[in-house]
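K.L.:
no FASTA, just this:
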Ligand code: SF4
């Protein structure tokens, strides 16, 4: 199991034990030095998500939460944990949204996994494919632009999710970004010299003011998310997206993975640093700086929104 055991335990020939109850441990947190058995890991994980939702005011009575469900591990864990947290709360509704970007040899399996999970949890699922909104699959848009495949994919997927969330009457759009994703994104923006994007990422409402985004897993590491998914049986072996290898994120993930291993807590410090900067930036911002895009009406801080700018550059005018 991920993270189980320490050199000391192995040297003594004994199994590590849960720091809470003394049963065999399945997870060791290198940041807090705590061992968890399966039961205490699951309750600690779900309590952590509840705390993030409460402290950040992410969900309240009357909310319809649209959960972006790719079928991969992070989004599957997100739907599972939100379903458990809100299953007895009739004032909060969940709906799952799946975007099929059209990536041959990859998306078929993850879309099928999303459909199975939503059906098991009895959460209504809406699926939409890129061609329905943009006229082409990602595979048709990428040739000759492989180095920016993830940028095209991410920009169009965000628009697709916002469109679907609005059609479903959602008041919140939840994504499965975890601590690793958030710290990687912060570092990628620094590496690109894109400080504005780094800060804007956390400015409330700056990107999608009509359907606020929430990230309930943002303070949990990928190891923790995967461990939870394995214990709850929602993490399945799935193929890897063929465009991953072109992404800057792959190198940043490797670099930060090494840093986190050598200096536990690095990922959290990167995220906390970004939040501090963003707080100072937002405090001095004029909300009038965000205006409707003249083409599609979505909020933008530039002349055209990012999606319409991209669609223009791809020769596709408007979704
Ligand atoms: Fe899209 Fe890149 Fe993720 Fe593949 S790896 S699904 S192209 S963002």
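P.N.:
That came through, no problem. Nothing here was measured: the structure is a model prediction, and the numbers come from that model.
K.L.:
Only C-alpha atoms from now on, for both contacts and neighbour counts.
P.N.:
Fine.
K.L.:
what's around the residue nearest to residue 310 when sequence neighbours are not counted, how many residues?
P.N.:
Sequence neighbours aside, residue 152 is the residue nearest to residue 310 in space, at 7.4 Å (criterion: Cα to Cα, 6 or more residues apart in numbering). Neighbourhood size, residue 152 [other Cα atoms under 10 Å]: 19.
K.L.:
Whichever helix or strand residue 152 is part of: which residues count as buried?
P.N.:
Counting by DSSP states H and E, the secondary-structure element that holds residue 152 is helix 149-167. Buried residues in helix 149-167, counted by 16 or more other Cα atoms under 10 Å: 149-150, 152-153, 156-162, 164-166.
K.L.:
residues contacting the nearest residue to residue 306 once chain neighbours are set aside?
P.N.:
Residue nearest to residue 306 in three dimensions, not counting chain neighbours: residue 155, with 7.2 Å by Cα to Cα, 6+ apart. Each residue near residue 155 by Cα atoms under 8 Å, 6 or more residues apart in numbering is listed here: 306, 307, 310.
K.L.:
where do the helices sit along the protein?
P.N.:
When secondary structure is read from DSSP state H, the chain shows helices at 7-12, 38-55, 73-86, 107-121, 130-134, 138-141, 149-167, 179-191, 195-200, 222-231, 248-262, 266-283, 306-313.
K.L.:
between the ones you listed, which gets the lowest average pLDDT?
P.N.:
Taking the average pLDDT of each of the helices of the chain, the minimum falls on helix 7-12, with a mean of 43.
K.L.:
I'd like to know how far the residue in the stretch 201-319 of the chain that the ligand sits nearest to sits from residue 297.
P.N.:
Going by Cα to the nearest ligand atom, the ligand is nearest to residue 244 of the stretch 201-319 of the chain, at 4.2 Å. Going from residue 244 to residue 297 by Cα to Cα, to the nearest Å gives 31 Å.
K.L.:
With neighbour numbers in mind, choose between these two.
P.N.:
Neighbour totals were compared for residue 244 and residue 297, and residue 244 leads with 14 against 11 (other Cα under 10 Å).
K.L.:
tell me the contacts of residue 159?
P.N.:
Residue 159 makes contacts with residue 307, as judged by Cα under 8 Å, 6+ apart.
K.L.:
Then the one 10 residues further on?
P.N.:
Residues touching residue 169, when contacts are defined by Cα under 8 Å, 6+ apart, comprise residue 64.
K.L.:
try 7 Å this time
P.N.:
Applying Cα atoms under 7 Å, 6 or more residues apart in numbering to residue 169 gives no contacts.
K.L.:
Residue 181 - how many residues pack around it?
P.N.:
Under the neighbour criterion other Cα under 10 Å, residue 181 is assigned a count of 19.
K.L.:
how far away is it from the ligand?
P.N.:
The span separating residue 181 from the ligand equals 12 Å under the rule Cα to the nearest ligand atom, to the nearest Å.
K.L.:
Spell out which residues of the stretch 151-300 of the chain are next to the ligand.
P.N.:
153, 154, 241, 243, 244 (Cα under 6 Å from any ligand atom).
K.L.:
what residues are up against whichever residue of the stretch 101-250 of the chain sits closest to the ligand?
P.N.:
In the stretch 101-250 of the chain, the residue that lies nearest the ligand is residue 150 (3.5 Å; Cα to the nearest ligand atom). For residue 150, the contacting residues are residue 247, taking Cα under 7 Å, 6+ apart as the criterion.
K.L.:
residues contacting the residue nearest to the spatial centre of the chain?
P.N.:
Central residue of the chain (Cα atoms, centre = their mean): residue 177, 2.0 Å from the mean position. The contact partners of residue 177, by Cα under 7 Å, 6+ apart, come to 74, 215, 217, 218.
K.L.:
The first one contacts residue 175, doesn't it?
P.N.:
What that stands for is residue 74. No. Under the criterion of Cα atoms under 7 Å, residue 74 lies out of contact with residue 175, with a separation of 8.6 Å.
K.L.:
quick check, stretch 134-144 touching the ligand?
P.N.:
No. No part of stretch 134-144 sits close enough to the ligand to count as contact by Cα under 6 Å from any ligand atom; the gap is at least 7.8 Å.
K.L.:
All further residue positions should be reported with the first residue as 44.
P.N.:
Taking 44 as the first residue, the last one we looked at is stretch 177-187.
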